[in-house]
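> 3D, please:
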Amino acid sequence: MARFLWMIWVLTGAVYVAMLAWSLPYLTQAAGGLPMFDMRPAGYSADEAMAILMALNSDARGFYLTTQHWLDLVFPALEAAALVLTYPRLFPRVIALPLMVVAVAGAVFDWLENAAVAALLRADLADVTPAMIEGASRWTVLKSSAVTLAMTALLIGLVLAMWRRLRRRQA
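This next block holds a predicted model:
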C-alpha cells in the first residue's frame, strides 16, 4: 500500500508540474499575462473574466478546453485519492474522515469550476452573462478553500507525525 500511495503522490505532482510549467504559462502568455481562472483563488469579477475571455484567441481557447481541462480532470482525482489515502495514516479516524470529505469536495468543486469555465470559453462574448461568471468564480473560490484546508491539514499531519517519530526516538 505504501508504494501505491507514493505512486499516486508522484503522479499527482507530475500532473501539477505539467500544469504549472506548461499549460497554464502557455495560456497566461496567450492572454497577455493575465492569470487564468484556475489561478485566481479569491475568484474574479465580471470585468476580469471578460478581459481573459477577450484576450484568448480561438487556438488558446481550444488549448484551454482540451489540454488544460484534460490535465485538470485528472489532477483533482489524483490529489483527492492521495489525500484520502494519506489522512488515515496521519490522523485518528474521527479527524481523518471529515478531512477526506473536504479533499473529495475540493475535487468536485474543481470539476464544477472546469465545467463553468468551459461554458464561458465556448460562449460568444456577447452571450456571457454576469451570472455565468459569478457561478464560475464561486466554484473557483470553493475549490481553493477546500484545497487550502485539505493541504494545510496534510502539512499539520506531516509535522505532527515527524514530531511523534522524533519523540519516540528520544525516549
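> Can you tell me, leaving aside adjacent residues, what's nearest to residue 1?
Spatially, and ignoring its direct neighbours in sequence, residue 1 is nearest to residue 85 (7.9 Å; C-beta to C-beta, 6 or more residues apart in numbering). Bear in mind the C-beta positions are built from the backbone N, C-alpha and C, glycine included.
> And for residue 36?
Beyond its immediate neighbours in the sequence, the residue positioned closest to residue 36 (C-beta to C-beta, 6+ apart) is residue 27, lying 5.0 Å away.
> Hmm, residue 56 and the one you found touching each other?
Yes: taking C-beta atoms under 8 Å as the definition, residue 27 is a contact partner of residue 56 at 7.3 Å.
> mind checking how far residue 72 is from residue 66?
Using C-beta to C-beta, to the nearest Å, we find residue 72 at a distance of 11 Å from residue 66.
> Look at these two and report which has more neighbours.
When residue 72 is set against residue 66 and neighbours are counted by other C-beta atoms under 10 Å, the residue ahead is residue 72, at 20 against 11.
> Check which helices and strands the helix or strand that contains the more buried one sits against.
Following DSSP states H and E, one finds residue 72 within helix 69-90. Packing contacts for helix 69-90, counted by 3 or more C-beta pairs under 8 Å, 6 or more residues apart in numbering; DSSP states H and E, involve helix 2-18, helix 93-122, helix 130-170.
> Check the offset of that helix from the chain's centre.
Offset of helix 69-90 from its chain centre (C-alpha atoms, centre = their mean, to the nearest Å): 10 Å.
> Ok, stretch 160-171 next?
The gap between where stretch 160-171 is centred and where its chain is centred comes out at 32 Å by C-alpha atoms, centre = their mean.
> Need the residues that contact it.
Contacts of stretch 160-171 from elsewhere in the structure, counted by C-beta atoms under 8 Å, 6 or more residues apart in numbering, are 89, 90.
> and if you look at stretch 39-55?
For stretch 39-55, the external contacting residues (C-beta under 8 Å, 6+ apart) are 24, 28, 30-32, 34, 36-37, 120-121, 125, 128, 130, 133-134, 136-138, 140-141, 144, 148.
> Thanks a lot, see you next time.
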